[in-house]
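next come a sequence and a model predicted from it.
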Amino acid sequence: QVRIMESGGALVQAGGSLRLSCTASGLAVKDYSMTWFRQAPGREREGVSCISWAGDTRYYPTSVKGRLTISRDNAKNTLYLQMNSLKPDDTAMYYCAAAGSRDCGGRPNYWGQGTQVTVSS
């Protein structure tokens, strides 16, 4: 049985940093393209970072480029999202998802339950 669990969300002041973690069981993160999504109330879900299956491609939308960094520790079977220079607009539930595609952009097969990030101004 596949299980994905996010952690690390918190209340932080604008300009602060957080590191989110995504730990998987029942699958190996190195065998999937892994994506961090976020969804704020009243807004559509958006992908904020992705790492390809081979780890050779990372994707960031313009809104977060330079502030968010995705990484993966295959030995710990864990995905990370380092978030710096946080803004109130970054407030959202953050989800980790695994897609059985080589490249980013594939439809996720598995989702975690999410971790809440709240950035105060």
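Right, received. Where do you want to start?

within the sheet, what are the partner strands of the lowest-mean-pLDDT helix or strand in the chain, with directions?
Lowest by mean pLDDT, DSSP states H and E among the helices and strands of the chain is strand 58-59, with a mean of 93. With DSSP bridges as the test, strand 58-59 is paired with strand 46-51 (antiparallel).

may I have the residues that are in contact with residue 113?
Residues near residue 113 by Cβ atoms under 8 Å, 6 or more residues apart in numbering: 4-6, 95. Glycine gets a C-beta too; all of them are placed from N, C-alpha and C.

try residue 35
Counting by Cβ under 8 Å, 6+ apart, residue 35 has contacts 47, 49-51, 96-99, 104, 108.

residue 69: how many residues sit nearby?
Here the count is done by other Cβ atoms under 10 Å, and residue 69 has 15 residues near it.

again, but for residue 86
21.

so how far is residue 18 from it?
7 Å (Cβ to Cβ, to the nearest Å).

can you pull the residues that touch both of these two?
Contacts common to residue 86 and residue 18, judged by Cβ under 8 Å, 6+ apart, are 12, 117.

picking that back up, need the worst-confidence member of the contacts of residue 35.
Minimum pLDDT for the contacts of residue 35 is recorded at residue 104 (92).

where's that one, which helix or strand?
Using DSSP states H and E, residue 104 sits within no helix or strand.

for the spatially closest residue to it that is not a sequence neighbour, what are its contacts?
Closest residue to residue 104 apart from its sequence neighbours, by Cβ to Cβ, 6 or more residues apart in numbering: residue 50 at 3.7 Å. When contacts are counted by Cβ under 8 Å, 6+ apart, residue 50 touches 33-36, 57-59, 70, 104-105.

hang on, the earlier thing: so which of the contacts of residue 35 is the most crowded?
Busiest of these [other Cβ under 10 Å] is residue 96, holding 29 neighbours.
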